[in-house]
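Structure, please.
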Amino acid sequence: MQNIDSFINIFSAFYPLEKRQFFTFVQAYNKYNCYSFPTIKDKYAYYLIAEMYNNSLAFRQRDQYSNDMIRYRRRRRGVFYDSATLSKFESFNELIITNKFIDANTKEDFLLTFSKAQRIYYLFCRAARLFKIRKAKTNPCTADMCLTPFSALKSSILLNLYDDNARTMYTFRISDLINIINTSLAHSPEFFADPQYIKNPYTNIPFSKAQLYHIYFQIQQSCLIMPPLFHHFFLTNFKLDLFLIKNQALIREEAIHFFVRNMNKDTKAHYIKQMLYYHQYDMPNRIKIAPTFEKDKLVASFANYLPDYLIALYSLQPENKIEAYTRIQDNLHSFSIHNPTYGRVILNQDYSLTRPLFYNFMNRRTTAEDSFVFRGISNTTTEIPVLVDCLEAIEAID
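Coordinates of the predicted model:
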């Protein structure tokens, strides 16, 4: 939008009469919406130029009155948009392409003229960009996010990105950009989707749409896998609101997996105990974890169950919820059968122990043949000396 004035000047050059009387027409268009035109082609050429000019003016000034007037004029024509300002393509489509009062030949002439102006505009933009890149400052950082020097990495996994605001050419490792993209798009506090704009880590300024397209195609050409969220973001033309509306379920799924991968030990232990309590009636032998049971061993045993548990609990996709819930039921059922005394305190009849002993199963038991033997007593037999809950055991010891 900020460079639309250049395009207006180029497009107006194809209509010299309109260009000479442009500002007079804009004034009449704003105040009275009336003007005498020699032909219908001249009339809609005036309309199109004035509409683009008003959009550019409203965008620069951020004037609420101008925005309200633009909305009012559109509503009178039966056109509704959330945003007050339109791009030149939207204005051209609204005033020319979808206009029923313009014949096909006139539309074809307008389309040809608009295409020529657009081609000239892009040639000037390309020349300006090449000049800026040639004069750009070099990247101030010489290492990736893991402090690995760029000189030690292959060029195929690096990406050069020009920032027009900083007039600097930045170098990124593609895997670092993928991590930044996933973190931003999968941002979901308390599993409520709230994607954020993808920002340049060096400037903390959101990437422009042109930069996002460049990043997308560079990832596509590399040997790395395209992040699913970034691909769907690309399909929505990098519009964050539209991306949230169309992909809320996918964002929730990715946020769950991201949350599980980045949980610390205490958080995992909390969700594991919550999972065991929630599914206590799905296990023939209820698993009871002593408060003093080592968290490392608990996490090592049940960490692989957490994705299914959280998907079954928070997913927005019914099929995934049902499949994950069935899988977690089967896994916990099998685990409780082959490890009936996991996490409990075991005491002898004479209470001669000075400290309680705990069962410690580092791996899941999925078959009866793969049973665990603890001091000569199989975990699949019923001949266990005394099995009590943790609180009862502690009271007995005291």
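
And Gln211, how far from Thr168?
Relative to Thr168, Gln211 is positioned 12 Å away (CB to CB, to the nearest Å). Backbone N, C-alpha and C define where each C-beta goes, glycine included.

what does Pro307 give?
Plainly put, Pro307 is 40 Å away from Thr168 if you go by CB to CB.

Repeat that for Lys199.
Remark: distance between Lys199 and Thr168 (CB to CB) = 15 Å.

higher neighbour count, the two?
Taking other CB atoms under 10 Å, Lys199 and Thr168 do not tie; Thr168 has more neighbours (17 against 13).

could you check the distance from Arg253 over to Asn204?
Rather than Arg, residue 253 is Glu. Look at Glu253 and Asn204: by CB to CB, they are 28 Å apart.

who's more crowded, these two?
Ranked by neighbour count (other CB under 10 Å), Glu253 and Asn204 place Glu253 first, with 21 against 7.

Pull up the per-residue confidence for the more buried one.
Reported pLDDT at Glu253 in the predicted model: 93.

Now do the SS call for it.
Under DSSP: H, G, I helix; E, B strand; the rest coil, the three-state class of Glu253 is helix.

OK, contacts around it?
Glu253 is in contact with 311, 315-317, 320, counting by CB atoms under 8 Å, 6 or more residues apart in numbering.

Switch those residues over to a markdown table; also include distance to Ala50 and pLDDT.
Shown next, in a markdown table, are the contacts of Glu253 (distance: CB to CB, whole Å; pLDDT from 0 to 100):
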| residue | distance to Ala50 | pLDDT |
| --- | --- | --- |
| Ile311 | 54 | 95 |
| Ser315 | 51 | 93 |
| Leu316 | 46 | 92 |
| Gln317 | 48 | 92 |
| Asn320 | 52 | 93 |
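
and of those, the nearest to Met145?
Nearest to Met145 out of the contacts of Glu253 is Ile311 (CB to CB; 29.2 Å).

mind listing the strands for this structure?
Along the chain, counting by DSSP state E, strands occupy 158-163, 168-173, 345-346, 357-358, 373-374, 377-378, 387-388.

Show me the shaky parts of the stretch 1-150 of the chain.
Along the stretch 1-150 of the chain, segments meeting pLDDT under 70 span 1-3, 16-39, 57-85.

Do a quick rundown of the helices in it.
Under the criterion DSSP state H, counting those that start in this stretch, the stretch 1-150 of the chain contains helices at 4-12, 16-20, 22-31, 40-61, 64-76, 88-92, 104-134.

same deal with the stretch 251-398 of the chain?
For the stretch 251-398 of the chain, the helices defined by DSSP H, counting those that start in this stretch cover 265-278, 295-302, 306-314, 318-338, 390-397.

would you list the contacts of Glu253 in CSV and tack on distance to Val345 and neighbour count?
Listed next are the contacts of Glu253 as CSV, based on distance: CB to CB, whole Å; neighbours: other CB atoms under 10 Å:
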residue, distance to Val345, neighbour count
Ile311, 33, 22
Ser315, 36, 20
Leu316, 41, 14
Gln317, 41, 14
Asn320, 38, 17
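
which of the residues you listed sit farthest apart?
Greatest spatial distance among the contacts of Glu253 (CB to CB): Ile311 and Leu316, at 10.0 Å.

hang on, isn't Gln317 packed against Ala249?
Yes. If you go by CB atoms under 8 Å, Gln317 and Ala249 touch, sitting 5.1 Å apart.

which residues do the two both contact?
By CB under 8 Å, 6+ apart, no residue touches both Gln317 and Ala249.

gap between Asn99 and Phe110?
10 Å.

neighbour count winner among these two?
Phe110 (21 against 16).

For stretch 217-228, buried residues please.
Using 16 or more other CB atoms under 10 Å as the test for burial, stretch 217-228 gives 218-219, 222, 227-228.

what's that stretch in contact with?
Contacts for stretch 217-228 (CB under 8 Å, 6+ apart): 156-157, 159, 174-175, 177-178, 181-182, 185, 216, 230, 250, 254.

ok, now stretch 261-275?
Residues outside stretch 261-275 that contact it (CB under 8 Å, 6+ apart): 289, 295-296, 298-299, 302-303, 305-306, 309-310, 328, 332.

change it to 7 Å
With CB atoms under 7 Å, 6 or more residues apart in numbering as the test, stretch 261-275 has contacts from 289, 295-296, 298-299, 302-303, 305-306, 309.

now stretch 241-250
Residues outside stretch 241-250 that contact it (CB under 7 Å, 6+ apart) are 193, 195, 228-229, 232-233, 236, 316-317.

Mind doing that once more with 10 Å?
Identification of contacts with stretch 241-250 by CB atoms under 10 Å, 6 or more residues apart in numbering yields 82, 185-186, 188, 192-195, 228-237, 239, 251, 253-254, 315-318, 320.

before we move on, back to that, who wins for neighbours among the contacts of stretch 217-228?
Ranked by neighbours (other CB under 10 Å), these are led by Leu185, which has 28 neighbours.

how about the nearest residue to it, chain neighbours excluded?
Using CB to CB, 6 or more residues apart in numbering and skipping residues adjacent in sequence, the residue nearest Leu185 is Leu229, 4.1 Å away.

Can you verify my assumption that the one you found contacts Arg252?
No. Here Leu229 lies out of contact with Arg252, judged by CB atoms under 10 Å, at a distance of 11.1 Å.
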